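[1] Here is my input; please provide its structure:
(one chain, ligands or ions: 2)
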Amino acid sequence: MAYQSFESLEELHVEITNKCNASCPMCARNIYGGRQSPDLKISEWTQEDAQKIFSPQFKNLKNILFCGTHGDPAVAAQALEIVELAKTQTSATVEFYSNGSVRTPSWWAELAKIMKTRDQKGYYRSTDLCVFSIDGLEDTNTLYRRGTQFSKIIENASAYIKAGGVARWDFLVFKHNEHQVQEAKALSKKIGFSQFRLRKTTRFAYSPDGPEKQRVLNKKGDLEYYIEPPTQKHLVNKNKQVFDTMVHNMDQQKSPQPQIIIRCLNKTKFQRIYVNALKQVYPCCFISSDTFSPKSRLFRDYQEKVSDKYGWGFNSLDHFQWSEVLNHPWLKDSLESSWNSSKKQLKRCARTCSSTVDPITSQSEDL
Ligand code: SF4
Ligand code: SF4
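    Residues are numbered from 1 along each chain as shown. Ligands and ions are numbered 1, 2, ... in the order given. This next block holds a predicted model:
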């Protein structure tokens, strides 16, 4: 059975640009919050790209998720035109994730007018939604969302909401902002956000400083400060400890990888596929993210198990049609059959989508 098909897919997750105005310390686009990663190949979609990617062949498409792994969609030069294409070429709803600190209030009001669908049936969302990632208040948001400006974000979000857009405030919780959760929630209500969501990261597992802190560097590579997980137990991801241990053991390669039962999130929960800024199709943003830096262990794992066999260009929508990419042997068969073998399964699938630990969906909690 194919991994995903035109019929099974209900969601396109798209990264329309890998440019960003911010430099968050846990984002792979930069080095611990400092300078941009030299491995990042900057790229961005045009309207013509979007026309091709939002294909009418996806008969059951319910949602298009604009959320970059290395970029903020609001930065893309043709972002409004591309969202408009999503709305006119498909009947999907749109979810648009941004740090909110680029563009002007009138640009955000324009986005709200485009994202105006109401009463869309199906999937988990009945309206289009803009998610503003705001991790604190005036004095703390920039400790994580480095390079952003709180007052500008609030102006932009207010303009979006006033123009009729539905918005959610996502708050990534750390030690430095945990005392502001309730105040931020009250502010979100006052402005008119319809939802307020806590995000409890598991990414401290990847920190070079151990799972209880992570360095934040400036553009010269000097240490500026550390970020730390929240101290209040109910604000810490319930999978943190077990995930920290799992990542540590896998990275140390202390023993051969045990057989892990995979429950692919995109197959079992979201029926989603991912297209990155280079217009390459991957089963998910996690694997796509592993393929950009040759220095990472997960890159080498992908190389050994996938690209040494199939090369690098087979998933490019610049060179192939959607049907060719979806019917490529890796996406059609090998990926899924690899889950049954500890030697063949990607380390990424094992750590992100195992049946015993759920580091992704456990991150979110609506308040
Ligand atoms: S706003 Fe998003 S894309 Fe930009 S640096 Fe932060 S996490 Fe990365
Ligand atoms: S990491 Fe593997 S198992 Fe998880 S969503 Fe991606 S393809 Fe599926």
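
[2] got the contact list for the closest residue to Phe54 other than its chain neighbours?
    Among residues not flanking Phe54 along the chain, Gln89 sits closest, at 4.6 Å (CB to CB, 6 or more residues apart in numbering). Quick note: C-beta positions are derived from backbone N, CA and C, even for glycine. Contact analysis of Gln89 by CB atoms under 8 Å, 6 or more residues apart in numbering lists 51, 54, 56.

[3] Next one: Gln89, what pLDDT does it get?
    The model reports Gln89 with a pLDDT of 92.

[4] Over to Ser364?
    Note for Ser364: predicted pLDDT of 78.

[5] Test my guess that it contacts Phe196.
    No - applying CB atoms under 8 Å, one finds Ser364 not in contact with Phe196, separated by 11.3 Å.

[6] what about the two, which has more around it?
    Phe196 (20 against 12; other CB atoms under 10 Å).

[7] what helix or strand is that one on?
    strand 195-199 (DSSP states H and E).

[8] Which neighbouring elements make contact with whatever helix or strand comes next after that strand?
    Scanning forward in sequence from strand 195-199 by DSSP H and E, the next helix or strand is strand 214-217. Contacts defined by 3 or more CB pairs under 8 Å, 6 or more residues apart in numbering; DSSP states H and E place strand 214-217 against strand 223-227.

[9] tell me which residues of the strand it packs on are tucked away?
    Ile227 (16 or more other CB atoms under 10 Å).

[10] Can you classify the residue of the stretch 1-150 of the chain found nearest ligand 2 by secondary structure?
    At 7.9 Å from ligand 2, Tyr3 is the closest residue in the stretch 1-150 of the chain, using CB to the nearest ligand atom. The three-state label given to Tyr3 by DSSP: H, G, I helix; E, B strand; the rest coil is coil.

[11] Would you enumerate the residues in contact with it?
    Tyr3 neighbours (CB under 8 Å, 6+ apart): 267, 283, 331-333, 335-336.

[12] taking the mean pLDDT, what do you get for the helix or strand where Arg348 lies?
    Using DSSP H and E, Arg348 sits within helix 347-352. Averaged over helix 347-352, pLDDT sits at 90.

[13] What helices and strands are in contact with the strand holding Phe196?
    Checking 3+ CB pairs under 8 Å, 6+ apart, strand 195-199 ends up next to strand 167-172, helix 181-191, strand 364-366.

[14] roughly how far is the second one from the heart of the chain?
    By that I understand helix 181-191. Taking CA atoms, centre = their mean, to the nearest Å, one finds the center of helix 181-191 at 24 Å from the center of the full chain.

[15] That one to strand 195-199, inter-axis angle?
    Interaxial angle, helix 181-191 versus strand 195-199 (axes from the mean of the first three to the mean of the last three CA atoms, to 10 degrees): 150 degrees.

[16] For helix 181-191, buried residues please.
    Buried residues in helix 181-191, counted by 16+ other CB under 10 Å: 181, 184-185, 187-188, 191.

[17] Could you export that helix as CSV, CA atoms only?
    Taking C-alpha atoms only, helix 181-191 is exported to CSV below (Å, rounded to 0.1, in the frame of the first residue of the first chain):
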residue,chain,number,x,y,z
VAL,A,181,1.5,32.3,31.2
GLN,A,182,-1.7,33.7,32.9
GLU,A,183,-0.9,37.3,32.0
ALA,A,184,-0.3,36.4,28.4
LYS,A,185,-3.5,34.4,28.3
ALA,A,186,-5.4,37.4,29.7
LEU,A,187,-3.8,39.7,27.1
SER,A,188,-4.7,37.2,24.3
LYS,A,189,-8.4,37.4,25.4
LYS,A,190,-8.3,41.2,25.5
ILE,A,191,-7.0,41.4,21.9
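
[18] Please name every helix or strand in contact with it.
    helix 150-162, strand 167-172, strand 195-199.

[19] And Met1, what's its pLDDT?
    63.
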